[in-house]
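Colleague: Fold the following for me, if possible:
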Amino acid sequence: MTSPTEHLTHSLLSDDALVVRAEAALAGLVDPWLPLHATPTTRAEPRATIDVTDEWGQTPSGLTPIGGAPLLGFGGVQVHAFDGDVLQLAGASTARGRIDLAAKRAVISVPATVSADARLAFDVYSMLTLSAAFLVGRLGAALVHAGGVVDPDGRAWLLVGDTHAGKTTTCVSLVSAGGWRFLADDQVVLRVGGDGALVAEGWPRRAHLDEGYGDAVVTGTRATVDLRTRWGDRWISRAPLGGVLLPHVNAERSTSLAVAAEAAAFTALVRQSPWLMADRAVAGDVMKLLRDAASHPAFSLSLGRDSYARGDVLAERLGPAVASGVR
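Modeller: Numbers count the residues shown, from 1 in each chain. As a prediction, this is how the structure comes out:
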């Protein structure tokens, strides 16, 4: 049996550079956020850590707030800057977060005396995302709110768009049709590989898909789908970047593909990286990663009803994109 004081440690990146550690008693708050690929690890010295603890941590004494307004607001959590390269996270609940950027360590504190509720769970979820985003940036990579699919030639295509743009539907349709694999439907990490080329790593989670998808019907009600359980043999952890797809739903028209300007791809990537400018020390490096990604082939993907739950139709429409991915 797991001891209440034992820490559960999971690796978030393929090289174990970033881990999240949580006291076993708080696993219920961490599990909904934890990517499905995250594996237990005993690595003694990762390069960056996120700790979730019931120790009530406050802002380190002697540090001075920088400015009055928050640097960033995300999911109801506000990020405030302090001198010494420290960020403080505060939401509507009693949870508090602190990120020491220089030390590459984040701590999310939940008072042991407080019962978990929806507000607390929501704050912890947002704080975990923010902590991961800032630490990934300090590791020389970029966390992007995007899906990732892998074409039959093994190249990753980022699905970049706002919520309800069709990222999950596109991912599921292509994977279910065969020939394509997936990284994730909602979060991807961009990194430079050993050969100097960009690589995309997926952070897959339980996806939200329309309940009528299986019958090719749009109900407007979403159900939870575990992509790894359903299509685990078609999941891949990382792949070289092939290009960028900008999906959007236009149900009344046929599904179509059009070349997108590099500026449009870059703008979309920046929009889906809301934490980008909050860490000025690495913002330039992260911007370069996004610019490099945008310099790959980019296409606007208009999703019509004809390709809904029809991966064969969608794959055929994406043929020109796949052909252009050879660089």
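
Colleague: Pass me the low-pLDDT residue ranges in the stretch 1-150 of the chain, would you?
Modeller: 1-5, 42-44, 56-67, 113-116 (pLDDT under 70).

Colleague: hmm, try it at 50
Modeller: 1-4 (pLDDT under 50).

Colleague: Tell me which stretches of it form strands.
Modeller: Per DSSP state E, counting those that start in this stretch, the stretch 1-150 of the chain carries strands over the ranges 7-11, 18-23, 39-40, 48-53, 72-74, 77-82, 86-90, 96-100, 105-109, 142-144, 146-150.

Colleague: Turn these into JSON lines, columns for distance to residue 188.
Modeller: Glycine gets a C-beta too; all of them are placed from N, C-alpha and C. Compiled in JSON lines, the strands of the stretch 1-150 of the chain are given as follows (distance: least, Cβ to Cβ, whole Å):
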{"stretch": "strand 7-11", "distance to residue 188": "17"}
{"stretch": "strand 18-23", "distance to residue 188": "14"}
{"stretch": "strand 39-40", "distance to residue 188": "18"}
{"stretch": "strand 48-53", "distance to residue 188": "18"}
{"stretch": "strand 72-74", "distance to residue 188": "17"}
{"stretch": "strand 77-82", "distance to residue 188": "21"}
{"stretch": "strand 86-90", "distance to residue 188": "23"}
{"stretch": "strand 96-100", "distance to residue 188": "21"}
{"stretch": "strand 105-109", "distance to residue 188": "20"}
{"stretch": "strand 142-144", "distance to residue 188": "5"}
{"stretch": "strand 146-150", "distance to residue 188": "4"}
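
Colleague: which one of these is the most hemmed in?
Modeller: Stretch with highest mean neighbour count among the strands of the stretch 1-150 of the chain: strand 146-150 (a mean of 29; mean count of other Cβ atoms under 10 Å).

Colleague: ok, that strand: who's next to it in the sheet?
Modeller: strand 156-160 (antiparallel), strand 181-184 (antiparallel) (DSSP bridges).

Colleague: Quick one: residues in contact with that strand.
Modeller: 156-161, 167-168, 170-171, 174-175, 180-188, 200, 202, 236, 239, 269, 272 (Cβ atoms under 8 Å, 6 or more residues apart in numbering).

Colleague: out of the strands of the stretch 1-150 of the chain, nearest to residue 192?
Modeller: strand 142-144 (10.2 Å; Cβ to Cβ).

Colleague: Check which helices and strands that closest one is in contact with.
Modeller: Contacting strand 142-144 under the criterion 3 or more Cβ pairs under 8 Å, 6 or more residues apart in numbering; DSSP states H and E are the following elements: helix 118-138, strand 188-192, helix 280-294.

Colleague: is it possible to export the ones you listed to CSV including distance to residue 112?
Modeller: Shown next, in CSV, are these (distance: least, Cβ to Cβ, whole Å):
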stretch, distance to residue 112
helix 118-138, 12
strand 188-192, 32
helix 280-294, 34
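
Colleague: Out of these, the one nearest residue 319 is which?
Modeller: Checking the helices and strands packed on strand 142-144 against residue 319 by Cβ to Cβ gives helix 280-294 as the closest, at 21.7 Å.

Colleague: and the closest one, how far from the chain's centre?
Modeller: 16 Å (Cα atoms, centre = their mean, to the nearest Å).
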